[in-house]
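this one's sequence-less:
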């Protein structure tokens, strides 16, 4: 049984500080939804409001259509996985997993059997009688997931649970989490500051900044069609140019900057021009449009791509990432070339959602 | 050792070691050893010391028996030597003191460690410490005044209409227990506070989130975590209570003798240091046995307490 979550114009204040500011989002039953944002953006507060440790100052949190106001964490159909996991170190693994069942008065033999089942689900056979301290980081992670699944929650809340793991394990656990979510069909709400995690695992991502939800979309749209400068620069890298919008037509505009006038998409309000490094190309000759002469300052061979730093005549820094297809020649630092981009791959975006709205 | 020498030089290092050695061996171990040795020897006139009568025996220890009195304990009635009775009751009531201090200190230390905002902690700790600035003698006398027949406690209860006739509080073991609890409750509070403070609050929230009611969170998460703190607090309070002389000497009723008072009587009034030493070692031995048994029952290791 999974349930959807509605955050209905939710605000949360800590004293004078507004941690969450008018957030509206409907998370579908069975969806893997991530809140992505820098630390202090209010994403953890949202999680605590869903789990019941914090009550919203304004607005409503609904789970499965039911208003949760006044419901204690132990009354909500949610299970939270803490950032530091918060396993009980004085209980063996199986008692950790079965704790939620113990609370519900399930008898010992049934608890034990269920714990074994869940251990199998998270690929941790033969660990039932071990202590928490005997497990590795990744194994503890799985125990935490099993412990949360044991109470058969409608909603699983995960507070950056992978942040303490090393890179390899983190990538492995991403796939694992996604698989467990698909297998169980439980709604997952995932909190992270790691864009890679959010994009790789989620059905939809909500990007947050300063308590406000900036954009909610599927990972592809978040990356390819960010609605504002914050989303564009928090999720992925960008070349950012200041300038003025001229000649708007069919969602395209001319954009006059200090290093030339470029054509780019204009999806909404005016702002700055954003071009991703992987959309930049290097050419020996100037192109028909959106091309600027540069001097290469640094060329770094990164394996799957080549990172090229360049500077224009007036000192503006630009970055390009060239895919390494194994045959292309690697340009040398110091050479004079032209950096160009396709108008469809560049956007003029406002800075971020305006406050007070 | 080499580390010490490098850091402080030869002179200072040997001074430290010498002073520690002097304190430990000359001031603690040797006197205790002398007392232990004399506890096996008879109390003799000075001329006979070292003579043919001065032989080792367990006679001093045997002096605890004899002079049988009626003893009733939780409805059981039997005859027991007067001193054994005092001995048993001292250990029992020290246990009662320990239990009461635990019951008082547990909620308070939880409140201090997990509930109260850190900003008001210094004030609260100051309030807890203030009574310690007054000497133990004065605090015991204060309780004597509070509990006395025409004292403020009875006066207040009478004024409130709760009782119609003064209650004789200074009777049996209650005044000693009350005063010992008051004197030693902080020895329970601080180890408990330390233990609880080291508990990750997320574990409490995790248990809450998994549906546990507050009492189960305490029983399964907080109490087990605090066990080493409870153990070290309990050992301290129990040992200090059983060994306390000042409090019972000041506040005790005639019907509530403490075993330390028996020892004092033998040593100072009877001048029989040998028997006194024997009794003191019996008390030490039985306290140690009680503590070890309690630790076994509650599955606490000595290394846990040392933390």
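Done, it's in. Worth saying up front: this structure is predicted, and the values here are computed from it rather than measured.

which other helices and strands contact whatever helix or strand residue A:114 lives in?
Of the helices and strands defined by DSSP states H and E, residue A:114 is found in helix A:108-121. For helix A:108-121, the helices and strands in contact under the criterion 3 or more CB pairs under 8 Å, 6 or more residues apart in numbering or on different chains; DSSP states H and E are helix A:93-103, helix A:137-150. No exception for glycine: its C-beta is placed from N, CA and C like everyone else's.

can you add mean neighbour count, mean pLDDT and distance to residue B:163 and give these back as TSV?
Formatted as TSV, the helices and strands packed on helix A:108-121 follow (neighbours: other CB atoms under 10 Å in any protein chain shown; pLDDT from 0 to 100; distance: least, CB to CB, whole Å):
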stretch	mean neighbour count	mean pLDDT	distance to residue B:163
helix A:93-103	24	93	45
helix A:137-150	23	89	54
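
so which of these is nearest chain B?
helix A:93-103 (4.0 Å; CB to the nearest CB).

pretty sure residue A:21 is in a helix, no?
No - assessed by DSSP: H, G, I helix; E, B strand; the rest coil, residue A:21 does not belong to a helix; its assignment is strand.

quick check: it vs residue A:57, distance?
10 Å (CB to CB, to the nearest Å).

now for these two: what residues contact both?
Shared contacts of residue A:21 and residue A:57 (CB atoms under 8 Å, 6 or more residues apart in numbering or on different chains): residue A:11.

the two: who's more crowded?
Shown here are residue A:21 and residue A:57; by other CB atoms under 10 Å in any protein chain shown, residue A:21 has more neighbours (20 against 14).

if I pick the more buried one, what's in contact with it?
A:11, A:42, A:210, A:211, A:212, A:355.

residues in the stretch 201-307 of chain B within reach of chain A, list them.
The stretch 201-307 of chain B has residues B:202-203, B:205-213, B:216, B:220-221, B:224-225 near chain A, with proximity defined as CB under 8 Å from any CB of the partner chain.

any chance of the helices and strands packed on helix A:108-121 in a markdown table, plus distance to chain B?
Formatted as a markdown table, the helices and strands packed on helix A:108-121 follow (distance: least, CB to the nearest CB, whole Å):
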| stretch | distance to chain B |
| --- | --- |
| helix A:93-103 | 4 |
| helix A:137-150 | 7 |
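
format the ones you listed as TSV; extra columns: distance to residue A:300.
Converted to TSV, those look like this (distance: least, CB to CB, whole Å):
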stretch	distance to residue A:300
helix A:93-103	45
helix A:137-150	31
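
closest one to residue B:161 among the ones you listed?
Shortest separation from residue B:161 across the helices and strands packed on helix A:108-121 is recorded for helix A:93-103, at 45.6 Å, computed as CB to CB.

helices or strands up against that closest one?
Partner elements for helix A:93-103 (3+ CB pairs under 8 Å, 6+ apart): helix A:108-121, helix A:137-150.

ok now that helix, how far from the chain's centre?
31 Å (CA atoms, centre = their mean, to the nearest Å).

now the angle between helix A:108-121 and it, please.
130 degrees (axes from the mean of the first three to the mean of the last three CA atoms, to 10 degrees).

run through who's touching helix A:93-103.
A:74, A:79, A:87-88, A:91, A:106, A:110-112, A:114-116, A:118-119, A:124, A:127-132, A:135, A:143, A:146-147, A:150-151, B:207, B:210-213, B:216, B:220.

just want the angle from that helix to helix A:137-150.
20 degrees.

residue A:263: how many residues sit nearby?
17.

doesn't it fall inside a strand?
Yes - counting by three-state DSSP, one finds residue A:263 located in a strand.

with adjacent residues omitted, what lies nearest to it?
What sits nearest to residue A:263 in space, not counting adjacent residues and going by CB to CB, 6 or more residues apart in numbering or on different chains, is residue A:343, at 4.2 Å.

I figured the one you found hits residue A:262, correct?
Yes - with contact defined as CB atoms under 8 Å, residue A:343 counts as touching residue A:262 (7.4 Å).

so what sits against both of those two?
A:289, A:290.

those two: who's more crowded?
residue A:262 (23 against 17).

distance of the more buried one from chain B?
In this view, residue A:262 and chain B are 50 Å apart by CB to the nearest CB, to the nearest Å.

contacts only, for that residue.
A:241, A:254, A:255, A:273, A:289, A:290, A:341, A:343, A:346.

any chance of the residues you listed in JSON lines, with pLDDT, distance to residue B:28 and secondary structure too?
Below are the contacts of residue A:262 laid out as JSON lines (pLDDT from 0 to 100; distance: CB to CB, whole Å; DSSP: H, G, I helix; E, B strand; the rest coil):
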{"residue": "A:241", "pLDDT": "91", "distance to residue B:28": "80", "secondary structure": "strand"}
{"residue": "A:254", "pLDDT": "90", "distance to residue B:28": "92", "secondary structure": "strand"}
{"residue": "A:255", "pLDDT": "91", "distance to residue B:28": "86", "secondary structure": "strand"}
{"residue": "A:273", "pLDDT": "92", "distance to residue B:28": "81", "secondary structure": "strand"}
{"residue": "A:289", "pLDDT": "85", "distance to residue B:28": "92", "secondary structure": "coil"}
{"residue": "A:290", "pLDDT": "88", "distance to residue B:28": "88", "secondary structure": "coil"}
{"residue": "A:341", "pLDDT": "91", "distance to residue B:28": "83", "secondary structure": "strand"}
{"residue": "A:343", "pLDDT": "88", "distance to residue B:28": "89", "secondary structure": "helix"}
{"residue": "A:346", "pLDDT": "90", "distance to residue B:28": "83", "secondary structure": "strand"}
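
just the buried members of the residues you listed?
A:241, A:254, A:255, A:273, A:290, A:341, A:343, A:346 (16 or more other CB atoms under 10 Å in any protein chain shown).

got those as CSV, with distance to residue B:279 columns?
Below are these laid out as CSV (distance: CB to CB, whole Å):
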residue, distance to residue B:279
A:241, 93
A:254, 104
A:255, 98
A:273, 93
A:290, 100
A:341, 96
A:343, 100
A:346, 94
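
tell me which two in those residues are the farthest apart.
Farthest pair in the buried ones among the contacts of residue A:262 (CB to CB) is A:254 and A:341. Separation: 14.4 Å.

and stretch A:184-199, how far apart are its ends?
Start-to-end span of stretch A:184-199 (CA to CA, to the nearest Å) is 21 Å.

low-confidence stretches in the chain?
In the absence of a named chain, chain A is used. Along chain A, segments meeting pLDDT under 70 span A:1, A:353-357.

sorry, I should have been clearer: chain B.
Looking at chain B by pLDDT under 70, you get B:305-307.
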